[in-house]
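[1] The following comprises the amino acid sequence and a computationally predicted model.
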Amino acid sequence: MAENKTGLFELIYSFFMLLFGFAMIIAFIATVVLLVYFFYYMIYLMIAIGIILIGIFKGIFGKSHEGYEIELKTHDANKLDNVLDIIHKRTGMRKPNKIILVEGSEIAVSGLYRKKLIIGLATLQFLDEKELLAIISHEYGHFSNKDTVLGYFSYRIMKFIEIQKAINRESLGADWTIIIHLPTWIFFLLFSRYYALISLWYARRVEYRADKFAIEIVGEKNFADSFVKYCAISEIFEDTVPRYVLHYLQEDKAIKNIYDFARPLYNKENIEKSFESCLAQKSSWWSSHPSISERLEAMGVDFVNIEISQNNGNILKNQEKYEKEASMLMTEKMAYWQQLVRLAEQQGGSEQ
Amino acid sequence: MNLSFNTKKYYSKNVKISKMHGVFFMVVGLIILISVFYGVFQLWVGLDSSFGSMNCDESAYLKTNIDEAFSDYDSKKGQYESIKESYYGAINIDSEVEKMGEWNDALYEMIVAYNRIVNVYNMNIEYYETCYSSVSQGIDATSAYIDNEESVIDIAFSELKPKAESEGYVYGSDYQDPLSNLF
């Protein structure tokens, strides 16, 4: 069974992650400052460093682009509110400041000061209140252990790294500024690899803590059943629905409500296939989550029962309205990506 | 529909997350961090000793070089001013045309002298910035003076040209425009 202890080690490790990330960035900025201080009169060198300085500014002060968000209105969330009330009663934890609906199947949390709960409409179709309680309790486990706070800073560090990697990679050319951009790019390439390795290891580890938190609320068996069901229905949705949306887009058509459209896909055969796929996955050093089987093994569960009902009833008031809005959002996103792929293909063709 | 699954058979190949991995990552991370900071410190010390502690007395010949270049420039500038004055004192068009040519040549000579200053400066910027900081101000002032004189001669030439052409002077394509001395 995986180690599931919370406490000092996790605290030390999370401080180490932040120390490592920010200290490496500070060392990089210090090097840039030294170069500017000693070589300010070398115009071409300063032009190369100027590009890096723009990257530093963007990395520190740039805001994350959240894109279009479907915010769940409080008056539409009665049943979901009941779930959150149960968690509040059992743990004393406050409700999230914002509930965001997304078009896919993910259920996640984020936020530094303001807690944000993200719920995929694809899962709301098939999870009942008891199952939602299990999955959302897991997410509350992340709030409880302040994982979202560490996640926020980790995200900022990775964003800084990615900006520097991108601008230095793009600036690599045949001219002599390569003496600045090549070492900088290599530095950030190695830095990003190592930081991803250590942060993903920690991310996998804290998932066990969140599982434990949920188990304390709903019990092992309930959590395992809900968790596997969540995985199976997510897998069906993510593996098939975007392909259908794309297929219709290519014929200049759009699916009005992708969730209604997908309903027949959740049959016995697909659920069994999806279960096999979920359980067969193994995590690697680069996985953000432990595999499902690792987590079930850690829970000590040998069997799971999944109940799929086509008539669960809506969790949200006006669920259909949200589903149509999310369907449109997904179609627009797929159309955008399709357009990008077409442009890239056209560019590739013209270069040849 | 109700489905039951046996999950146990999937557990065999799982690799466990061990605390030892975390300890290993922290040790390696700290070694990387210390190495990087040591590298930055060494870079600082290296650059500081190369630039910050330059021995100005040992490299005094560089001062002589730039002084010579400025002295040559001053001499050319004196000649230039004198020729320029003589142009404005010319009494007829023939004399004006002749003096304009000399003025143009004198400007060219002055620019050559200025270029020599810049070349000497560029070869040892660190020394001049550290030990003889007035050099860069001198170069800026010289550059501004030449820019101004180029405008002056250009205006003078544009006034002279129609007068000279009406007197039968021809400025062909091989005529060296004063501004062609620009680099």
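    Here it is on my side, so go on.
[2] all helices for the chain, in order.
    Because you didn't say which chain, this covers chain A. Along chain A, the stretches classed as helices by DSSP state H are A:8-39, A:43-61, A:78-91, A:121-124, A:129-144, A:147-171, A:178-218, A:220-250, A:258-262, A:268-280, A:292-299, A:319-351.
[3] meant chain B, my bad for not saying
    B:19-47, B:60-88, B:93-123, B:125-131, B:134-166.
[4] Skipping adjacent residues, who's closest to the spatially most central residue of chain A in space?
    Centroid-nearest residue in chain A: residue A:108, 7.3 Å away (criterion: C-alpha atoms, centre = their mean). Nearest residue to residue A:108, sequence neighbours excluded (C-beta to C-beta, 6 or more residues apart in numbering or on different chains): residue A:118, at 4.6 Å. The way it works is simple: take the backbone N, C-alpha and C, and place the C-beta from them, glycine included.
[5] Now do that neighbour, the pLDDT please.
    At residue A:118, the model reports a pLDDT of 93.
[6] For it, give its distance to residue B:68.
    Computed with C-beta to C-beta, to the nearest Å, the distance linking residue A:118 and residue B:68 is 73 Å.
[7] Remind me what the helix-or-strand element of chain B with minimal mean pLDDT packs against, helices and strands.
    The helix or strand of chain B with the lowest confidence, counting by mean pLDDT, DSSP states H and E, is helix B:125-131 at a mean of 81. Under the contact criterion of 3 or more C-beta pairs under 8 Å, 6 or more residues apart in numbering or on different chains; DSSP states H and E, helix B:125-131 touches helix B:60-88, helix B:134-166.
[8] Show me what counts as buried in that helix.
    Using 16 or more other C-beta atoms under 10 Å in any protein chain shown as the test for burial, helix B:125-131 gives B:127-131.
[9] CSV for those, including distance to residue A:7?
    Shown next, in CSV, are the buried residues of helix B:125-131 (distance: C-beta to C-beta, whole Å):
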residue, distance to residue A:7
B:127, 60
B:128, 61
B:129, 56
B:130, 56
B:131, 60
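[10] Nearest to residue A:325 among the residues you listed?
    Nearest to residue A:325 out of the buried residues of helix B:125-131 is residue B:129 (C-beta to C-beta; 62.8 Å).
[11] beta partners of the residue nearest to residue A:108?
    Beta-bridge pairing for residue A:118 (DSSP bridges): residue A:100, residue A:108.
[12] can you tell me how far the residue located most distally from the centre of chain A sits from residue A:329?
    The centre of chain A is farthest from one residue, residue A:41, which by C-alpha atoms, centre = their mean lies 44.9 Å away. For residue A:41, the distance to residue A:329 (C-beta to C-beta) stands at 53 Å.
[13] okay, now residue B:36: neighbour count?
    19 (other C-beta atoms under 10 Å in any protein chain shown).
[14] do residue A:34 as well
    16.
[15] And for the one 5 residues further on?
    Residue A:39 has 16 neighbouring residues, counting by other C-beta under 10 Å.
[16] check contacts around it.
    Neighbouring residues of residue A:39 by C-beta atoms under 8 Å, 6 or more residues apart in numbering or on different chains: A:45-46.
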